[in-house]
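Asks: With the sequence up front, the predicted model follows.
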Amino acid sequence: METSTTPKGYEGTTEYDYEDTTPCQKEELRALGSQLLPPLYSLVFVIGLVGNILVVLVLVQYKRLKSMTSIFLLNLAISDLLFLFMMPFWIDYNVRDDWAFSNGTCRLLSGLYYVSLYSEIFFITLLTIDRYLAIVHAVFALHARTVTFGIVTSLLTWVLAILAAIPGFYFSKVQWEFTHYTCNLHFPHEHLKQWQQFQALKLNVLGLVLPLVTMIVCYTGIIKILLKRPNKKKARAVRLIFVVMIIFFLFWTPYNLTIFFTAFQSSLLANECEQSKQLDLALQLTEVIASTHCCVNPIIYAFVGERFRGYLRQLFHRLLAVRLAKWLPFLRTERLEGTSSPSPSTAEQELSNGF
């Protein structure tokens, strides 16, 4: 029987199993996950859902998707919302310590987990390239950075993310393991090691090497231009995307590297239950850190994006303050309207800097 060494929180979405002839009991790790992960993921779910919905509302209401940057930011928020959509299922999985849904649901959620992961990587990379074109190749960018091109690129990006996630859709299944049902990826026994290593390489190349190389190349070019021709507006536009990408690396790199180590060093852990438990714990901790990333981007926008804060004030004023004034006559609408931030003309200045 194949036994999973994946973190209990995402047992259905991590693809690394150990081939072990004797059962390695891990009740302590499962019990720890059942106690700690549900409240943590519930908090992430609430914060992430509220934050990303606000991002979508701001982009649709105020940016009106008139730039390629806004389109990429919208798709990035959709990637996070897709990830958050699955979280209640994993919370239930931890609480029950048992997979209570169908085999089809297991396949769907495992595949969508990777779709959301790879799409987020791709859109963050596209945002970096977008900033590079806007600043380093400004003349070319006027023709290339169109709404149509942004939509077409986004559709192709989702197709690539789905293709990268195919193993998650295909190999996931529900299986009885010792005392409970699990939702895991089960690769063909005769090609188990090859599939594990292929998946680890794919995750690290697409999720770490590719965006890292892109960031180094793009920001090197951007910094050279800004040093030659200092521009506060352009520097502010770059800062937001730079922070988004750096935070992404901080949250996901430990998990990617742990997965890589697991796949290529698994032969050293054969029949070593204690070492397997330690690696299991490392995977669980790093995946918890990585999973919280889905609620981080809206927080970055709020702290780094000055325009985003202004748009949020306008949004809350429009949704809450004006309606309160209708119910409470003593609140002066004129005073409330005076709190709205950047005027549309101000908000449309500068080459589309996202927020």
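Replies: Noted; the coordinates are in hand. Residues are numbered from 1 along each chain as shown.
Asks: which residues of the protein fall in strands?
Replies: Taking DSSP state E, the strands of the chain run over residues 2-4, 17-19, 172-177, 180-185.
Asks: Hey, what's the angle from the last one to strand 172-177? Just curious.
Replies: The one in question is strand 180-185. Angle, strand 180-185 to strand 172-177, by axes from the mean of the first three to the mean of the last three Cα atoms, to 10 degrees: 150 degrees.
Asks: Work out the sheet partners of strand 180-185 and label each with its direction, please.
Replies: strand 172-177 (antiparallel) (DSSP bridges).
Asks: mean confidence score for the strand it pairs with?
Replies: Mean pLDDT, computed over strand 172-177, is 87.
Asks: Can you give me the buried ones in it?
Replies: S172, K173, V174, Q175, E177 (16 or more other Cβ atoms under 10 Å). Any C-beta I mention is one placed from the backbone N, CA and C, and that applies to glycine too.
Asks: Quick check: of the residues you listed, which lies closest to Q199?
Replies: S172 (12.3 Å; Cβ to Cβ).
Asks: Quick one: residues contacting that closest one.
Replies: G12, C106, R107, S110, G111, C183, N184, L185, H186 (Cβ atoms under 8 Å, 6 or more residues apart in numbering).
Asks: Show the pLDDT at the residue nearest to it when sequence neighbours are not counted.
Replies: Closest residue in space to S172, ignoring its immediate chain neighbours: S110 at 3.7 Å, by Cβ to Cβ, 6 or more residues apart in numbering. pLDDT recorded at S110 is 93.
Asks: so how far is M86 from S110?
Replies: 9 Å (Cβ to Cβ, to the nearest Å).
Asks: Neighbour count for these two, which is higher?
Replies: Just comparing S110 and M86: by other Cβ atoms under 10 Å the higher neighbour count belongs to S110, 28 against 19.
Asks: surely that one meets F169?
Replies: Yes: S110 is within contact range of F169, at 7.0 Å (criterion: Cβ atoms under 8 Å).
Asks: where does the stretch 1-150 of the chain dip in pLDDT?
Replies: Within the stretch 1-150 of the chain, the segments meeting pLDDT under 70 span 1-34.
Asks: Could you tell me which residues make contact with L49?
Replies: If you count contacts by Cβ under 8 Å, 6+ apart, then L49 has L81, L84 around it.
Asks: 7 is where my numbering starts, stick with that
Replies: Sure, I'll start numbering at 7, so the last one becomes L55.
Asks: From F89, how far off is it?
Replies: From L55 to F89 the distance is 11 Å (Cβ to Cβ).
Asks: Also H197?
Replies: H197 is 29 Å from F89, by Cβ to Cβ.
Asks: now swap in T111 and tell me
Replies: Note on T111: its distance to F89, by Cβ to Cβ, is 16 Å.
Asks: out of the two, which sits in the busier spot?
Replies: Neighbour count, other Cβ under 10 Å: between T111 and F89, F89 has more, with 24 against 16.
Asks: Can you tell me how far that one is from C112?
Replies: Taking Cβ to Cβ, one finds F89 at 17 Å from C112.
Asks: what does T226 give?
Replies: 44 Å.
Asks: got it, and D98?
Replies: 13 Å.
Asks: what's the answer for V215, then?
Replies: V215 sits 30 Å away from C112, going by Cβ to Cβ.
Asks: Over to A296?
Replies: In terms of Cβ to Cβ, A296 sits 21 Å off from C112.
Asks: Kindly report the same for K239.
Replies: Relative to C112, and taking Cβ to Cβ, K239 is found at 49 Å.
Asks: quick one: which of the two has more around it?
Replies: C112 (25 against 11).
Asks: ok, the more buried one touching F177?
Replies: No: counting by Cβ under 8 Å, C112 does not reach F177; the two are 10.6 Å apart.
Asks: Give me the distance between stretch 152-165 and the centre of its chain.
Replies: 19 Å (Cα atoms, centre = their mean, to the nearest Å).
Asks: now swap in stretch 188-202 and tell me
Replies: Distance, centroid of stretch 188-202 to centroid of chain: 25 Å (Cα atoms, centre = their mean).
Asks: And that stretch, end to end?
Replies: 19 Å (Cα to Cα, to the nearest Å).
Asks: And that stretch, what's buried?
Replies: T188, C189, N190, L191, H192, F193, L198, W201, Q202.
Asks: what does the average pLDDT come to for that stretch?
Replies: So the average pLDDT for stretch 188-202 ends up being 86.
Asks: How about stretch 260-270?
Replies: So the average pLDDT for stretch 260-270 ends up being 85.
Asks: In the stretch 207-356 of the chain, where is pLDDT below threshold?
Replies: Ranges of the stretch 207-356 of the chain meeting pLDDT under 70: 271-283, 327-356.
Asks: Show me where it has its helices.
Replies: Using DSSP state H, counting those that start in this stretch, the helices of the stretch 207-356 of the chain run over 216-234, 238-270, 279-297, 302-310, 312-322, 328-333, 339-343, 350-353.
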